[in-house]
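J.: Quick one, what's the 3D model for this:
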Amino acid sequence: MLHLDSLNPQQRKAVTTTHGPILLLAGAGSGKTRVITYRIAYLIQQKKVAPQNILAVTFTNKAAIEMQERLAQMLRGSQKSTQISTFHSLCVKILRKYITHLGYRSNFTIYDAHDQLAVIKGIIEEHGYNDTGLVDAKSAHWAIGQAKTSRKNPNDFLIQKHAFREVLIGRIFQEYQQILKGCNAIDFDDILNLTLQLMEEHPHELDDLYHQYHFIMVDEYQDTNRTQYLLLKHLARLHQNLCVVGDDDQSIYGWRGADIHNILDFEKDFPEVQIIKLEQNYRSTTTILSAANQVIQNNSDRMSKSLWSQQVGGENIGWIVGDDELEEMKKVVDQIRLQILRTKSRYKDFAILYRSNYQSRVIEETLREEGVPYNIIGGTNFYERKEIKDAIAYLRVIQNQNDEVNIHRIVNFPRRGIGKTSLIHANTYCQILHKSLFQVMKNATECSKIPSEAARSMESFVALISKYQQRFKTEPLDQTFEQLLEEIGFIRALETENTDRKTKERRLTCIYELIRSVHKYTSDNPEKKLRDYLERVMLFSREDNNSEDGKNMVTLMTLHSAKGLEFPYVFMVGMAEGLLPNKRALEEKGESEERRLCYVGITRAQKELTFSMAKMRRQYKEQLHQEPSRFLAEIDPQLFSTSIHGQETEKEKQNKAQNARAQFFDQIRQARG
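T.: You can find the predicted model right below:
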């Protein structure tokens, strides 16, 4: 028998309310996965629903597997025919059975990103679209993906006759779809879109499907996009037993298509809906939850709820301020070590969360220098990012002209007219003349098979490298590096890339951060040369960042990557205006999603939460004065262990009183001799 005694009253209500549309508003740490699993078990065991008539949909394979394993333990295998899967897995299953109605064969292939880029690149090269300078394979691939997420088709581009780039993308998009269908292939976005097309254009052919799923449950409903929402409406239209589980306060993926109105408007779409709130939090202390509630309640566009916990009290929220980002991070490291000594915790109990990927550079370097093992989740090591590797590649070639891997990387970036064919000819001369690529390129005009224009560019490239080999030996590292980037037009090349604005801004921000790090290194080590700097960069490779057991590491991640995770001790760094909330995000969408992002970060903490910021932040050549994030001003000052806004906290008053008493008794003891 299934025992529900371990569930709280609202959880039990969520499990035993089975028919009709249901919205489970599940706050952070409220045990929603447990509730979904119990609900499936209850339907099978108590309501005698056949397992094959139940469908549960989630967003990740990991979540689906975890749910399957929990259910198997509860029902001892009698749930095996219950479908628990991601949206994409479900849709692939549907397409395998019904896609012939759309002119595909059931044994279709799913193209990955590499396959998609290869097709798009072939189209661009065949039609000479590269020559326009308006589009390349990556930017076209991104535009097509965005269009499919928004349910746009090639005609939406082609009708924009006065926007030549949009028309080009429309032509590429149109031919791309034709090629895929000719190859009996679909891409990742097609999986959802073609399934919806089937439901809209061939509803009668899918009658068996609609009759099969009597009960449908959807996890993380706040993350669904418009296509997923429409898919669910079709699937549930016959039985109407649709239970969606989510938290509008944790809707933080609007930038990738998630539509918060799917959950906010659920009551409008299903007027008969029953709303059940799961507000008891099993993760955090009341201090942490109070801060989270105070931040999120200022979002007007939300469904009312308030997290609470039986873990009354808890440590006050920490506050760290550094003069600059380096001091901020050193103080964070000191606090982590102090916590370990005080609580006997381990590095793996700590997480450092930040708003944007580029912030990881200072964090990584500080942890590395302090000997603290770390692991980056859901992000890329700063020195492994493409734009950073491109810039560092120039330094590697200047240091070692025989580094042919990096020569190939940079010889035509920024573009200088040295194409693949010219490089193939140059490499052939390397074999004939038994010389390195750099030596062949030095006298490329003497090699008849290399086109004359490309040969002159090769010799100019060699001259540039040779010039900077001398300069780096005698001149300051940071100034020389900056002048190198200026001379080759590195930043200008990033600014004029055919890519989306967000990617462009991220790459530029990372390069400015690299320039800043070189300035800092030169300032701290004026006697060091290029070789020393490159050796230091090598220490930051991912392979070298391992502790002995491979597990006991501080976790680094963006706030977006942190959703769904929890840690005993959380440090939210860079809590300053312009960073969180992010300046660009504020301009584009307002502060609602940024506040939800802050809320998600706060609710990752189980035992203790610490915020930090730097008074000054360097942005390229500017020193920016920083103010605390507006979200911190929404939290009761008495929840902090130290004051943020100049108002003395109750804890500070108590500490002062305790110190005064201690001094008084010391004076008495001294007077008594």
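J.: quick one, phi/psi of residue 205?
T.: phi -70, psi -20 (degrees, to the nearest 10).
J.: now the stretch 351-500 of the chain, which segments are flagged as low pLDDT?
T.: Counting by pLDDT under 70, the ranges of the stretch 351-500 of the chain that qualify are 379-381.
J.: repeat for the chain
T.: In the chain, residues with pLDDT under 70: 1, 77-80, 379-381, 535, 538-550, 620-621, 645-673.
J.: In PDB, list the C-alpha atoms belonging to the helix or strand residue 429 falls within.
T.: In this structure, residue 429 is located in helix 420-433 according to DSSP states H and E. These are the backbone C-alpha positions of helix 420-433, laid out as PDB (Å, rounded to 0.1, in the frame of the first residue of the first chain):
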ATOM      1  CA  LYS A 420      41.900  27.100 -47.100                       C
ATOM      2  CA  THR A 421      43.200  26.500 -50.600                       C
ATOM      3  CA  SER A 422      46.200  28.800 -50.000                       C
ATOM      4  CA  LEU A 423      47.000  27.000 -46.800                       C
ATOM      5  CA  ILE A 424      46.800  23.600 -48.400                       C
ATOM      6  CA  HIS A 425      49.400  24.800 -51.000                       C
ATOM      7  CA  ALA A 426      51.600  26.200 -48.200                       C
ATOM      8  CA  ASN A 427      51.500  23.000 -46.400                       C
ATOM      9  CA  THR A 428      52.500  21.100 -49.500                       C
ATOM     10  CA  TYR A 429      55.600  23.300 -49.900                       C
ATOM     11  CA  CYS A 430      56.400  22.500 -46.200                       C
ATOM     12  CA  GLN A 431      56.700  18.900 -47.200                       C
ATOM     13  CA  ILE A 432      58.600  19.600 -50.400                       C
ATOM     14  CA  LEU A 433      61.100  22.000 -48.800                       C
END
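J.: List the buried residues for that helix?
T.: Within helix 420-433, the residues that qualify as buried are 422, 423, 425, 426, 429, 430, counting by 16 or more other CB atoms under 10 Å. (C-beta placed from N, C-alpha, C; glycine too.)
J.: I'd say the second one and residue 411 touch.
T.: Pointing back at residue 423 there. Yes. Here residue 423 reaches residue 411: they are 7.0 Å apart, a contact under CB atoms under 8 Å.
J.: Now whichever strand or helix holds residue 600: buried residues?
T.: When elements are defined using DSSP H and E, residue 600 is found to belong to helix 592-602. Within helix 592-602, the residues scored as buried using 16+ other CB under 10 Å are 592, 593, 594, 595, 596, 597, 598, 599, 600, 601, 602.
J.: Residues contacting whichever strand or helix holds residue 15, please?
T.: Assessed by DSSP H and E, residue 15 sits inside helix 9-16. Contacting residues not belonging to helix 9-16 are listed as 4, 7, 22, 24, 31, 34-35, 38-39, 42, 276-280 [CB atoms under 8 Å, 6 or more residues apart in numbering].
J.: Rebuild the buried residues of helix 420-433 as TSV, extending it with distance to residue 229.
T.: As requested, the buried residues of helix 420-433 are exported to TSV (distance: CB to CB, whole Å):
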residue	distance to residue 229
422	51
423	49
425	55
426	54
429	60
430	57
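J.: Give me the sheet partners of the helix or strand just after the helix holding residue 15 and which way each runs.
T.: As assigned by DSSP H and E, the chain's next helix or strand after helix 9-16 is strand 22-26. Using DSSP bridges, the strands paired with strand 22-26 are strand 242-246 (parallel), strand 274-278 (parallel).
J.: Report the angle between the first one and helix 9-16.
T.: This means strand 242-246. Counting by axes from the mean of the first three to the mean of the last three CA atoms, to 10 degrees, strand 242-246 points 150 degrees away from the direction of helix 9-16.
J.: residues in contact with the helix or strand following strand 242-246?
T.: Past strand 242-246, heading to the C-terminal end, the next element that is a helix or strand (DSSP H and E) is helix 261-264. Contact partners of helix 261-264, identified using CB under 8 Å, 6+ apart, comprise 23, 221-222, 224-226, 228-229, 244, 246, 248, 251, 301-303.
J.: now for the longest strand seen in the chain, which elements pack on it?
T.: Longest strand in the chain by number of residues (criterion: DSSP state E): strand 605-614. When contacts are defined as 3 or more CB pairs under 8 Å, 6 or more residues apart in numbering; DSSP states H and E, strand 605-614 packs onto helix 286-296, strand 318-322, helix 325-343, strand 567-572.
J.: Output it as PDB, restricted to C-alpha atoms.
T.: Output for strand 605-614, consisting of C-alpha atoms alone and laid out as PDB, is shown next (Å, rounded to 0.1, in the frame of the first residue of the first chain):
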ATOM      1  CA  ALA A 605      21.200  28.100   0.000                       C
ATOM      2  CA  GLN A 606      20.400  25.600   2.700                       C
ATOM      3  CA  LYS A 607      22.200  26.800   5.800                       C
ATOM      4  CA  GLU A 608      24.000  30.000   5.000                       C
ATOM      5  CA  LEU A 609      23.900  32.700   2.400                       C
ATOM      6  CA  THR A 610      26.500  35.400   1.700                       C
ATOM      7  CA  PHE A 611      26.300  38.300  -0.700                       C
ATOM      8  CA  SER A 612      29.300  40.200  -2.000                       C
ATOM      9  CA  MET A 613      30.300  43.100  -4.200                       C
ATOM     10  CA  ALA A 614      33.200  45.300  -5.100                       C
END
